[in-house]
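> Sequence and predicted structure, then a few things I'm wondering about:
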Amino acid sequence: MPKQKTHKGIAKKISVRPGGSTKIGKPGMNHNTGKKPTSFNRNGRKGSALSSADASRYKKALRG
């Protein structure tokens, strides 16, 4: 039986922390940040946590 491949699109967007929780970047932080408010850019650096339902789905895709 062939090996399960890692979903590379998801792997580039999220990271699994050592405790098992998943971290994902905030939306809107990739480009055109010069015209956005400074507070928006500052808050975007923190990233955000995924919901438990999404996290379980994404972890299955990353299992590879």
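Everything's here; your move.
> contacts and neighbour counts: CA atoms only from here.
Will do.
> what helices or strands is the helix-or-strand element of the chain with minimal mean pLDDT leaning on?
Considering only helices and strands, the least confidently modelled element of the chain by mean pLDDT, DSSP states H and E is strand 48-49, at a mean of 83. Based on contacts counted as 3 or more Cα pairs under 8 Å, 6 or more residues apart in numbering; DSSP states H and E, the elements that strand 48-49 packs against are strand 22-24.
> The strand it packs on pairs with which strands, parallel or anti?
Taking DSSP bridges as the criterion, strand 22-24 forms sheet pairs with strand 14-16 (antiparallel), strand 48-49 (antiparallel).
> Now tabulate these in a markdown table and tack on distance to Gly34.
As requested, the strands paired with strand 22-24 are exported to a markdown table (distance: least, Cα to Cα, whole Å):
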| stretch | distance to Gly34 |
| --- | --- |
| strand 14-16 | 24 |
| strand 48-49 | 21 |
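> so can I have JSON lines of the ones you listed showing distance to Met1 and mean neighbour count?
What follows is the strands paired with strand 22-24, written out as JSON lines (distance: least, Cα to Cα, whole Å; neighbours: other Cα atoms under 10 Å):
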{"stretch": "strand 14-16", "distance to Met1": "27", "mean neighbour count": "17"}
{"stretch": "strand 48-49", "distance to Met1": "34", "mean neighbour count": "16"}
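> Looking at those, spot the one closest to Asn32.
Within those, the stretch nearest Asn32 is strand 48-49; the backing value is 20.1 Å (Cα to Cα).
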